Every structure is written in C-alpha cells, then in structure tokens.
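> what's the 3D shape of this:
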Amino acid sequence: QIGKLEALVKGMGARGLAWARIEAGGGWGQSPLAKAISDGLRLELNGALEAREGDVILLQFGKPAQVHTVMANLRLHLGRKFGLIPEVGSGGTWDFFWVVDPPMFEYDEAEKKWVAAHHAFTMPREEDMEFLESDPGRVRCYRYDLVLNGYEIAGGSIRAHRPDIQARIFKALGISDEDAREKFGFLLEAFRYGAPPHGGIAVGWDRLIWLLTEAGSMREVYAFPKTQNGSDLMTGAPTPIDERLLRDLNIRVIE
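Here you go, the predicted model:
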C-alpha cells in the first residue's frame, strides 16, 4: 500500500514518499528514515502528530509549495480511501470555514525574488508593515477565502488604498518607481486624492452549484462546457474567422 501511495505522489511531481510505522515506545523500526533521524527529532514529530503505536506517519520533503500541494492531495486520497469523506457530494455534511491572514508574498525559486501570493494590491496587516522591506516572507495581508467541504467557493481582499503603502509593496516586489509609474500611474495618482478603504469578494458560482447539486463532475454544471481540446460543443467554437476581421486587427493566421 505504501508503494501505491508513493506512485501516487510521484505522479504529482514528488521525488518519493518517506514513511514510518510507530512501534512500542515511539520507535521507527519500519522506516527508511529509522537510522537517519535523530532521537530528538523523532520524538518531536511523534509528539506533534500525537502518533501512537501502530500508526503510520507519511512525510514529504522539498519546497514548501510543492510539499503542501502533494500532502493535501494525499490526505484527500486517503480520506476517500478510508471512507472519511465521500467520493462525491456532501455526504449530508456541510462544513464552512474562512481562511484569513495568509502571506502577502511568496518566494519564486526560479526568478529568485519575492512575488505577490495573491496580487500586488492587497493591504498588508498593520502589525506586519515593518517587515515589508526587511523580511517580506513575514508579512500577512487582509485576504480571505471561504471554503465549503474543502473547496474554495469565494475569495477576495481588502485593497491597499494608500499611495505610500502601495509604493512600499512595489519595492518589496522589485518594481522600480519608474516602472510603477509607467504601469500603475493612473492608480497611484487616484490614491493621492483620498481613495477610501475598500475591498470585495467574488463567488465561484460554478463550484458552489456543483457542490449543491452533488454532481460527479464540475463539467456537468458549466454553463458553456468545453472539451479537453477547448472546443465548445454547443456553439461549435472555435470556428473560422472572417479574413476582413483579421485584417482589421492586423492578425495573420499561419496554418
């Protein structure tokens, strides 16, 4: 079974799956990590996970974003496998929760710089403003997502409305004053006239309707469903475009 789980996570881009079976006294006798892990770390992990004899711990190593994605999907797979959550539908249970105060930035390993986790116009939390220049990874923001049965059904944020704060956010992202004026000058100029605090939230209606109808696939409730190659069976799109329209738009199609 562990081998099957390892194949599953490799399909998500993981290099493998570390595991440990807890023995009497908290030992990791059956584990590829048994000889490598220190007693202190082993006991700390056992305590954090409240692991007991007979339990199996699954571990993943690597970049945080990938680890979180792999382990989240693995948890859902095991939840369905052991009947803890239904394969489809609600199973008669509707659980809501809010996700709040997430990180403002995330580090892009490929670009070697900080990027906006949501977008560059979210308001940082007041108590974290001091870290905008010195430690962007510690900055939380006024963003919020509403989750139903594990699926995000709505999300939004409070926007940065002060030009001085917006300028500091741009600097944390490595955007120069000149680039900021060129790309977002209209916004920064508007803020100078006293834009009030503002924000909003958007609902993913297709996802919400999918949950409410307890359909097997979200495709069943799409207003304009597409096939895997992007064609629309109802309208027949994509269809040939009139040559005059292409000329007006200065577009040339190369077959």
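> Show me the helices in the chain, by range?
Using DSSP state H, the helices of the chain run over residues 2-10, 39-49, 64-81, 131-134, 163-172, 177-191, 205-213, 243-248.
> mind checking the longest strand of the protein?
Ranked by number of residues, the top strand in the chain under DSSP state E is strand 151-158.
> So which bits of the helix or strand of the chain with the lowest mean pLDDT are buried?
Sorting the helices and strands of the chain by mean pLDDT, DSSP states H and E puts helix 177-191 at the bottom, at a mean of 89. Within helix 177-191, the residues that count as buried by 16 or more other C-beta atoms under 10 Å are 180, 184, 187, 188, 191. Using the backbone N, CA and C atoms, a C-beta is placed for each residue, glycine as well.
> Neighbouring strands of the longest strand of the chain in the sheet, and parallel or not?
When pairing is defined by DSSP bridges, strand 151-158 lines up against strand 143-148 (antiparallel), strand 199-203 (antiparallel).
> Now render these as JSON lines, adding mean pLDDT and distance to residue 241.
Conversion of the strands paired with strand 151-158 to JSON lines gives the following (pLDDT from 0 to 100; distance: least, C-beta to C-beta, whole Å):
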{"stretch": "strand 143-148", "mean pLDDT": "96", "distance to residue 241": "38"}
{"stretch": "strand 199-203", "mean pLDDT": "96", "distance to residue 241": "31"}
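> most packed of the ones you listed?
strand 143-148 (a mean of 18; mean count of other C-beta atoms under 10 Å).
> can you count the residues close to residue 227?
9 (other C-beta atoms under 10 Å).
> State the distance from it to residue 150.
27 Å (C-beta to C-beta, to the nearest Å).
> now swap in residue 230 and tell me
28 Å.
> picking that back up, what inclination does the least confident helix or strand of the chain have with respect to helix 163-172?
Between helix 177-191 and helix 163-172, the angle comes out at 150 degrees (axes from the mean of the first three to the mean of the last three C-alpha atoms, to 10 degrees).
> Using PDB, write down the CA coordinates of helix 177-191.
Extracted in PDB, the C-alpha atoms of helix 177-191 (Å, rounded to 0.1, in the frame of the first residue of the first chain):
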ATOM      1  CA  ASP A 177       9.400  53.800  -9.100                       C
ATOM      2  CA  GLU A 178       9.700  54.400 -12.800                       C
ATOM      3  CA  ASP A 179       8.100  51.100 -13.700                       C
ATOM      4  CA  ALA A 180       5.400  51.600 -11.100                       C
ATOM      5  CA  ARG A 181       4.500  55.000 -12.600                       C
ATOM      6  CA  GLU A 182       4.500  53.600 -16.200                       C
ATOM      7  CA  LYS A 183       2.300  50.500 -15.400                       C
ATOM      8  CA  PHE A 184       0.200  51.800 -12.500                       C
ATOM      9  CA  GLY A 185       0.500  55.500 -12.600                       C
ATOM     10  CA  PHE A 186      -3.300  56.000 -13.000                       C
ATOM     11  CA  LEU A 187      -3.900  54.100  -9.800                       C
ATOM     12  CA  LEU A 188      -1.200  55.800  -7.700                       C
ATOM     13  CA  GLU A 189      -2.500  59.200  -8.900                       C
ATOM     14  CA  ALA A 190      -6.000  58.300  -7.900                       C
ATOM     15  CA  PHE A 191      -4.900  57.300  -4.400                       C
END
